[in-house]
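Enquirer: Just the structure for this:
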Amino acid sequence: MTVASFMMAVVVVLTPGAFYDPRLLSGADVWAKPLKFALSLALHFITLAILAQLLRPEVRTDRSMSRLVRVSVAAALFEIAYIAFQAARGRPSHFNFDTPFETGMYALMGIGATSLVVIPFLLGLRIHRQRDGDRSAYRLGAMVGLLLAPILTLVVAGYMSGVAYDRWVGDGVGASIPLLGWSRVAGDFRPAHFIGLHAMQVLPLVGWIADRTAPAQARRIVWLSAVLMVVTTIALFAQALAGQPLWPL
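Expert: So this is what the prediction gives:
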């Protein structure tokens, strides 16, 4: 929660730049990326802090869990620091191989991003292995979301960074969806990435609501929601591969 608070402070500090700095990068405000990443990381750590409460206290505070937290925090701080540094320079942080320094930093960012994705998976495994008799849809949603989101994220983000070397199929510079920045003129992998990544928030929330509104069908609702998110991610990924924007002009 401390890291999440720090990321929100980063948003507060950088927001004036988005209003007063006229520079653009790949057709978007130069400060858009660090702001979006700071918000996303804040949500990421809030989610982990909440879902970790499903573990027994002695498990939640053991030495191995502390190591996972330290690795995750270090990766997040490195990511946001470099993204903001590149924004200040008016240079892209992602898919940038222009100099040896930027190529090396992009590789380190890939390691950091992988750590941020793998650690929720390990948390999901710990929740799965904990036999405490809790059959709630909330616990099921937390477990499935934490296990599913990293897999979907590694597939989509791995393709972007390791095969396509870009976020677009085609020239994506131009009209974009407001706030989100997704291209309206080219295939964009980021919608699929967004849906897959946020399964770790959506599925626990679905389970929590289902427990209170439809307890008899709550677990089934979680499983159906998980299937829907997988199908949606695959469909959006295929649409991007075909070079078709989510919201064409």
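Enquirer: Longest helix in the protein, please.
Expert: Secondary structure of the chain per DSSP state H: the longest helix is helix 100-129.
Enquirer: got the buried residues for that helix?
Expert: 102, 105-106, 109, 112-124, 126-127 (16 or more other Cβ atoms under 10 Å). The way it works is simple: take the backbone N, C-alpha and C, and place the C-beta from them, glycine included.
Enquirer: what residues are up against the residue positioned nearest the centre of the chain?
Expert: Among the residues of the chain, residue 197 comes closest to the average C-alpha position under Cα atoms, centre = their mean, at 4.5 Å. Contacts for residue 197 were tallied using Cβ atoms under 8 Å, 6 or more residues apart in numbering; they are 40, 149, 152, 153.
Enquirer: Against residue 200, how distant is the first one?
Expert: In this case it means residue 40. Computed as Cβ to Cβ, to the nearest Å, the residue 40 to residue 200 distance reads 12 Å.
Enquirer: who's more crowded, the two?
Expert: Per other Cβ atoms under 10 Å, whichever of residue 40 and residue 200 has more neighbours is residue 200, with 29 against 18.
Enquirer: so how far is the helix or strand harbouring the more buried one from its chain's centroid?
Expert: Residue 200 belongs to helix 199-213 when assigned by DSSP states H and E. Remark: helix 199-213 is offset 18 Å from the chain centroid, using Cα atoms, centre = their mean, to the nearest Å.
Enquirer: same thing with stretch 18-25?
Expert: On Cα atoms, centre = their mean, the centre of stretch 18-25 falls 24 Å from the chain's centre.
Enquirer: buried set for it?
Expert: The neighbour-count check on stretch 18-25 (16+ other Cβ under 10 Å) flags residue 25 as buried.
Enquirer: Show residues contacting it.
Expert: Residues contacting stretch 18-25 (Cβ under 8 Å, 6+ apart): 29, 30, 31, 32, 33, 35, 87, 90, 91, 92.
Enquirer: do stretch 32-50 as well
Expert: With contact meaning Cβ under 8 Å, 6+ apart, stretch 32-50 is reached by 1, 3-5, 7-8, 10-11, 14-15, 18, 25, 72, 76, 79-80, 83-84, 87, 93-94, 116, 119-120, 123, 181, 197, 200-201, 204.
Enquirer: send the alpha carbons of it over as PDB?
Expert: C-alpha atoms of stretch 32-50 as PDB (Å, rounded to 0.1, in the frame of the first residue of the first chain):
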ATOM      1  CA  ALA A  32       0.800  10.100 -21.000                       C
ATOM      2  CA  LYS A  33       2.800   6.900 -20.600                       C
ATOM      3  CA  PRO A  34       4.300   7.600 -17.200                       C
ATOM      4  CA  LEU A  35       0.900   8.800 -15.900                       C
ATOM      5  CA  LYS A  36      -0.800   5.600 -17.200                       C
ATOM      6  CA  PHE A  37       2.000   3.400 -15.800                       C
ATOM      7  CA  ALA A  38       1.900   5.100 -12.400                       C
ATOM      8  CA  LEU A  39      -1.900   4.600 -12.200                       C
ATOM      9  CA  SER A  40      -1.600   1.000 -13.400                       C
ATOM     10  CA  LEU A  41       1.100   0.200 -10.800                       C
ATOM     11  CA  ALA A  42      -0.900   1.800  -8.000                       C
ATOM     12  CA  LEU A  43      -3.900  -0.400  -8.900                       C
ATOM     13  CA  HIS A  44      -1.600  -3.400  -9.200                       C
ATOM     14  CA  PHE A  45      -0.100  -3.000  -5.700                       C
ATOM     15  CA  ILE A  46      -3.500  -2.200  -4.100                       C
ATOM     16  CA  THR A  47      -4.800  -5.400  -5.600                       C
ATOM     17  CA  LEU A  48      -1.900  -7.500  -4.300                       C
ATOM     18  CA  ALA A  49      -2.200  -5.900  -0.800                       C
ATOM     19  CA  ILE A  50      -5.900  -6.700  -0.700                       C
END
